[in-house]
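Asks: need a 3D model of the sequence below.
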Amino acid sequence: MLNYTHDIPTKVYFGKGSITHLEEALRQFGTNVLLGYGGGSIKKIGLYNEIMKILNDGGFRVTELSGIEPNPRIESVAKGVELCKENKIDVVLAVGGGSTIDCCKAICSGYYYEGDDLWYMVKHVKGPKKSLPLVDILTISATGSDFDGGGVITNLETNEKLGASFTYPSVSILDPTYTFSVSAYQTAAGSADIMSHIMEGYFSRTEDSELADGIAETILKTVIRNLPIALKEPDNYSARANLMHCESVACSGIPEYGKQSTGWSCHAMEHELSAYYDITHGVGLAILTPRWMRYILKKDPSCEWRFVRFAKNVWGLEGNDEHELALSGIAILEKFFKDNGIPMTLGELNIDETHFRAMADHACEGGRLANAFVPLESDDVMEIYKDCL
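Replies: Okay, here's the model as predicted:
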């Protein structure tokens, strides 16, 4: 078990009615608020009006940034920074899913960035940054951006989608009832994202970080149990609450404490897909993950023990043939994604081989995957992409 550092400064208010804490969460930072949100779903479910009543009754001055994209663009970050400077914003309020929160994190950091090129900040400035305070209200269980310091921003001009460390939310308000209206497709895609965040760290060479592995396995089993319920009964509070609980912890780093880093290979590959094709992140991860698993198991059979544990402890499979057990665990994961309505080939998304070489080269740029659970080079990534067609 390796050394680790725990530092998560976010205060979380979890549960139905947690929005009652919104005024106090914001007021500690000031009264000039930038309200960031996406395509308008928060208006359809009545959340926008609920928020505006609290802000208006509290005497807050609100500037709005709407239309933040599902894969947030650097242009939206730039627009948000401009609004913050023009209106002397004290605190940013992000309302939506991980994309909205990621964009607002970058805005908070961009406010203090001294350069003119915000993409340079995303691409080159490492580590946490001086930032405006951020409060968020989560409306979809997926990315865990409400409980971590990172964000992923897209530049369509350069076909790049990159993660960076920006800032942790100061306060996150997590009310599962706000996810009742999330479509079946996005609920399933979000759950695949949660599971991927766990599996990226779970498939590690460290064998004795027992608590971290146990947390990871429990989160996976919780998603496996509750996703079908949420799809069948969209307003089932228990199912939605369990998925929301899982999404926060899954990307917090806690399930990886004490473990050797893994490279997060599937995320590296999926970011390329999203950068070129602007697809739903969780869907890309669901397509890639079983193919990555089969590929690395064949490339390096010494990792088989981890797949056997995955099959036994997550899926409850039994058997004496460890290789067959490992393959069965992968197969049941793939079937789970498919059974819950997720497309399982790139062909279904109208993606062909056109950009695979450029995508594979960029995914491995700078030896990014050289220290992965099973190290990958550009040709390896090419083969995995082809397996997904």
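
Asks: ok, residue 178 - contacts?
Replies: 45, 47, 137-139 (Cβ atoms under 8 Å, 6 or more residues apart in numbering). Glycine gets a C-beta too; all of them are placed from N, C-alpha and C.

Asks: CA atoms of stretch 324-343 as PDB?
Replies: Extracted in PDB, the C-alpha atoms of stretch 324-343 (Å, rounded to 0.1, in the frame of the first residue of the first chain):
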ATOM      1  CA  GLU A 324     -12.400 -18.000 -18.300                       C
ATOM      2  CA  LEU A 325     -13.500 -16.200 -15.200                       C
ATOM      3  CA  ALA A 326     -11.600 -13.100 -16.200                       C
ATOM      4  CA  LEU A 327     -13.200 -13.100 -19.700                       C
ATOM      5  CA  SER A 328     -16.600 -13.700 -18.200                       C
ATOM      6  CA  GLY A 329     -16.300 -10.600 -16.000                       C
ATOM      7  CA  ILE A 330     -15.600  -8.500 -19.000                       C
ATOM      8  CA  ALA A 331     -18.500 -10.100 -21.000                       C
ATOM      9  CA  ILE A 332     -21.000  -9.400 -18.200                       C
ATOM     10  CA  LEU A 333     -19.900  -5.800 -18.000                       C
ATOM     11  CA  GLU A 334     -20.400  -5.300 -21.700                       C
ATOM     12  CA  LYS A 335     -23.800  -7.000 -21.500                       C
ATOM     13  CA  PHE A 336     -24.800  -4.700 -18.600                       C
ATOM     14  CA  PHE A 337     -24.100  -1.600 -20.600                       C
ATOM     15  CA  LYS A 338     -25.900  -3.000 -23.600                       C
ATOM     16  CA  ASP A 339     -28.900  -4.100 -21.600                       C
ATOM     17  CA  ASN A 340     -29.300  -0.600 -20.100                       C
ATOM     18  CA  GLY A 341     -29.500   1.000 -23.500                       C
ATOM     19  CA  ILE A 342     -26.000   2.200 -24.300                       C
ATOM     20  CA  PRO A 343     -24.700   1.900 -27.900                       C
END
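
Asks: hang on, the earlier thing: just flag the most distant two among the contacts of residue 178.
Replies: 45 and 138 (12.9 Å; Cβ to Cβ).

Asks: neighbour count for the two, which is higher?
Replies: residue 138 (32 against 16; other Cβ atoms under 10 Å).

Asks: quick one: contacts of the longest helix along the chain?
Replies: Ranked by number of residues, the top helix in the chain under DSSP state H is helix 210-232. Around helix 210-232, the neighbours that count as contacts under Cβ under 8 Å, 6+ apart are 184, 187-188, 191, 194-195, 198-199, 201-202, 236, 238-240, 242-243, 245-246, 249-250, 254-259, 309, 313-314, 336, 339-341.

Asks: in helices, which of the contacts of residue 178 fall?
Replies: Among the contacts of residue 178, the ones falling in helices (DSSP H) are residue 47.

Asks: so which of the contacts of residue 178 are in strands?
Replies: Among the contacts of residue 178, the members found in strands (DSSP state E) are 137-138.

Asks: quick revisit: now the longest helix of the chain: how far from the chain's centre is it?
Replies: 16 Å (Cα atoms, centre = their mean, to the nearest Å).

Asks: name the residues of that helix that are buried.
Replies: The neighbour-count criterion (16 or more other Cβ atoms under 10 Å) identifies 212-213, 215-220, 222-224, 226-227, 230-231 as the buried residues of helix 210-232.

Asks: now swap in stretch 148-166 and tell me
Replies: By 16+ other Cβ under 10 Å, the buried positions in stretch 148-166 come out as 148-155, 159-162, 164-166.

Asks: for residue 320, see how far away the nearest residue to residue 317 once chain neighbours are set aside is.
Replies: Nearest residue to residue 317 in three dimensions, chain neighbours excluded: residue 311, at 4.4 Å (Cβ to Cβ, 6 or more residues apart in numbering). Counting by Cβ to Cβ, to the nearest Å, the gap from residue 311 to residue 320 is 12 Å.

Asks: neighbour-wise, which of the two wins?
Replies: Neighbours were counted for residue 311 and for residue 320 using other Cβ under 10 Å; residue 311 has more, 24 against 6.

Asks: does that one touch residue 331 like I think?
Replies: No - if you go by Cβ atoms under 8 Å, residue 311 and residue 331 don't touch, sitting 9.5 Å apart.

Asks: show me what secondary structure element comes after the longest helix of the chain.
Replies: helix 237-250 (DSSP states H and E).

Asks: just how off-centre is the helix or strand just after that next one within its chain?
Replies: Heading C-terminal from helix 237-250, the first helix or strand you meet, by DSSP H and E, is helix 265-277. Put simply, helix 265-277 sits 13 Å off its chain's centre (Cα atoms, centre = their mean).
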